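Visitor: no sequence on hand, only this structure:
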């Protein structure tokens, strides 16, 4: 947008929402809250926001230099697996949206796995920009 890559601006929303969902899960497991719905709502919003960020990422990916592509593929793999882990965790909670009140431990574990993969993907995305200069303008200011 206006000569800048859109993906870096959009990733903050799914990162914040999905990691907050995992924190909400941990708070519930630690008996700091009895609320079982908030993590599911955060996951749903984060997964939708992630689709927008991924779409923008694919547009930016098409503009990458060939030498950076393998690094971008690792980033995409990590965040793609994170998205799948969170999607599976949300699927296991589907009863919450129809009046159910339980969350399985498998769903919480998938949320944790998603958070670890998301952190790895964020680290790899940061390397793309700060180490390899992906999306950085080559023209002088």
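Guide: In hand now; what should we look at? From a predicted model like this one, the values you see are computed outputs, not experimental measurements.
Visitor: contacts for the helix or strand of the chain with the lowest mean pLDDT?
Guide: Taking mean pLDDT, DSSP states H and E as the measure, the chain has helix 7-10 as its least confident helix or strand, at a mean of 88. Helix 7-10 has contacts (Cβ atoms under 8 Å, 6 or more residues apart in numbering) with 1, 49, 52, 53, 56, 57, 59, 60, 125, 129, 135. Glycine gets a C-beta too; all of them are placed from N, C-alpha and C.
Visitor: in the helix or strand just after it, what counts as buried?
Guide: Toward the C-terminus, helix 7-10 is succeeded by helix 12-29 as the next helix or strand (DSSP states H and E). Judged by neighbour count using 16 or more other Cβ atoms under 10 Å, the buried positions of helix 12-29 are 13, 14, 15, 17, 18, 19, 20, 21, 22, 24, 25, 28.
Visitor: what does helix 12-29 contact?
Guide: Residues outside helix 12-29 that contact it (Cβ under 8 Å, 6+ apart): 33-36, 38-40, 42-43, 45-47, 49-50, 52-53, 82, 86, 103, 107-108, 111-112, 114-115, 118, 122.
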